[in-house]
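Trainee: the amino acid sequence is not available; the structure is as follows:
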């Protein structure tokens, strides 16, 4: 795939905020700046030594121009270092890693900071005809979170509405989905209680009436979740549907970043790479079946890496909906034992522009803790795509 070996160092993330929670007043770019600074500090790199900053961000309206540039400069990176914002919807954080890796593989740069950031609390409302005025009658405002982040551009329907078709085609029941949701909540909360996420989280300073507060604990998960409580929830998208607020992720905020570098350069600088990027894959499917996008993406990544499905010791499949994880697991022939072993986005949330980088950070730390060699991160993407990163630990 490449002439240069690309490695990942010092992956870090913020704690993930719930909707209307601790990050309600904080711009996504401030969250991004926090993790840009944190990954460079942990890598013990001078900010001027990196070649570029690439950050994913989906709901960009109101975030001011080039959010990645803001995160870079406010994160301590010199103005001479360029920055680029990428948007591949829910795959944006993973795309940022792939985009940085491409420049390194081509020999244009030796290192980069890559990641993603999102604050869904601050998504603005839009008035499409407001600029030229309304001469008479009612005016309509549109939610940028839905228009730019969650609704299919071709049908106008919510991604959850389309996922009902996927659940039906794969004969995935409401009980199947609720069981997976309970699994996600219980496993994530157990890992959180055991302190397993402490090493991967950079605290965010939040200003309150009582002064600055350090926020460093994911707040979206619900440890008390049971199958009984999930079964009482009403369908969210169709009257006779199976998808509920309980077997779907939340609307969340957070950020993650890591140093991506040429292996030889990293070793000369004394960095401690956590993993190498063995390959990445990007696939496309029919827009309404976007949830199956990870299937061709994972197959492509494995083919490029020279791996087989059975080589995967651990995989993070973004829990955009429980039905999607179940369908992708089935279609790829994966054992559920290697899928989202410490819970997923149904529990911790889905800050869409950051999730690819968040899952990469979570996967690499868990693989290192448990001695797992080969792993994959994959996300479905609205509009009918999928992205996958094949990662091999080095420590």
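Mentor: Ah, there it is. Since we're looking at a predicted model, the values are computed, not measured. Numbers count the residues shown, from 1 in each chain.
Trainee: got the phi and psi for residue 55?
Mentor: Per-residue torsions, residue 55: phi -130, psi 140 (degrees, to the nearest 10).
Trainee: quickly list what it is bridged to.
Mentor: residue 85, residue 115 (DSSP bridges).
Trainee: what's the local residue count around it?
Mentor: Other residues near residue 55 number 38, with proximity taken as other Cβ atoms under 10 Å. Yep, even glycine has a C-beta here, placed from its N, CA and C like the rest.
Trainee: residues in contact with it?
Mentor: Listed by Cβ atoms under 8 Å, 6 or more residues apart in numbering, the contact set of residue 55 reads 32, 36, 67-68, 71-72, 83-86, 96, 114-117, 257.
Trainee: what do you get if the cut-off is 10 Å, keeping everything else the same?
Mentor: By Cβ atoms under 10 Å, 6 or more residues apart in numbering, residue 55 lies in contact with 28-29, 32-33, 35-36, 66-72, 75, 83-86, 92-93, 96, 99-100, 113-117, 255-257, 353-354, 357.
Trainee: swap in residue 246?
Mentor: 177-178, 181-182, 185, 222, 225, 227, 229-234, 236, 322, 346.
Trainee: can you select the buried ones among these for me in ChimeraX?
Mentor: Selection of buried members from the contacts of residue 246 for ChimeraX, criterion 16 or more other Cβ atoms under 10 Å:
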select :177,178,181,182,185,222,225,230,233,236,322,346
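Trainee: now, the contacts of residue 246 that are in helices?
Mentor: The members of the contacts of residue 246 that map onto helices under DSSP state H are 177, 178, 181, 182, 185, 227, 229, 230, 231, 322, 346.
Trainee: can you give me the pLDDT of residue 91?
Mentor: For residue 91, the pLDDT comes out at 99.
Trainee: wait, isn't it in contact with residue 360?
Mentor: No - judged on Cβ atoms under 10 Å, residue 91 makes no contact with residue 360 at a distance of 11.4 Å.
Trainee: what sits in contact with each of the two?
Mentor: 116, 377, 389.
Trainee: most neighbours among those, which one is it?
Mentor: That'd be residue 116 among those, by other Cβ under 10 Å, with 40 neighbours.
Trainee: secondary structure element for the nearest residue to that residue once chain neighbours are set aside?
Mentor: Excluding its sequence neighbours, the residue lying closest to residue 116 (Cβ to Cβ, 6 or more residues apart in numbering) is residue 93, at 2.9 Å. Element membership for residue 93 (DSSP states H and E) is helix 92-105.
Trainee: now the strands for the stretch 151-300 of the chain?
Mentor: In the stretch 151-300 of the chain, the strands defined using DSSP state E, counting those that start in this stretch lie at 204-208, 211-215, 253-262, 275-284.
Trainee: ok, the second one: who's next to it in the sheet?
Mentor: Strand 211-215 has its sheet partners listed here by DSSP bridges as strand 204-208 (antiparallel).
Trainee: any idea how far the strand it pairs with is from the chain center?
Mentor: If you compare the mean C-alpha spot of strand 204-208 with that of the full chain, they lie 23 Å apart, counting by Cα atoms, centre = their mean, to the nearest Å.
Trainee: tilt between it and strand 253-262?
Mentor: 150 degrees (axes from the mean of the first three to the mean of the last three Cα atoms, to 10 degrees).
Trainee: how about strand 204-208: buried residues?
Mentor: 204, 206.
Trainee: list of residues touching that strand?
Mentor: Outside strand 204-208, the residues touching it (Cβ under 10 Å, 6+ apart) are 14-15, 17, 22-26, 30-31, 33-35, 38, 212-216, 254-255.
Trainee: can you rerun that using 8 Å?
Mentor: Taking Cβ under 8 Å, 6+ apart as the rule, strand 204-208 contacts 14-15, 22-23, 26, 30-31, 34, 212-216.
Trainee: between these, which is nearest residue 156?
Mentor: Distance ranking of the contacts of strand 204-208 against residue 156, using Cβ to Cβ, places residue 23 first at 28.7 Å.
Trainee: doesn't residue 29 make contact with that closest one?
Mentor: No - the pair residue 23 and residue 29 fails to qualify as a contact (Cβ atoms under 8 Å) at a distance of 12.0 Å.
Trainee: same drill for these two, tell me which one is more crowded.
Mentor: More neighbours surround residue 23 than the other of residue 23 and residue 29, with 30 against 27 (other Cβ under 10 Å).
Trainee: quick check, pLDDT for that one.
Mentor: At residue 23, pLDDT is 97.
Trainee: tell me the contacts of it?
Mentor: 17, 31, 119, 121, 204, 206, 215, 253, 254.
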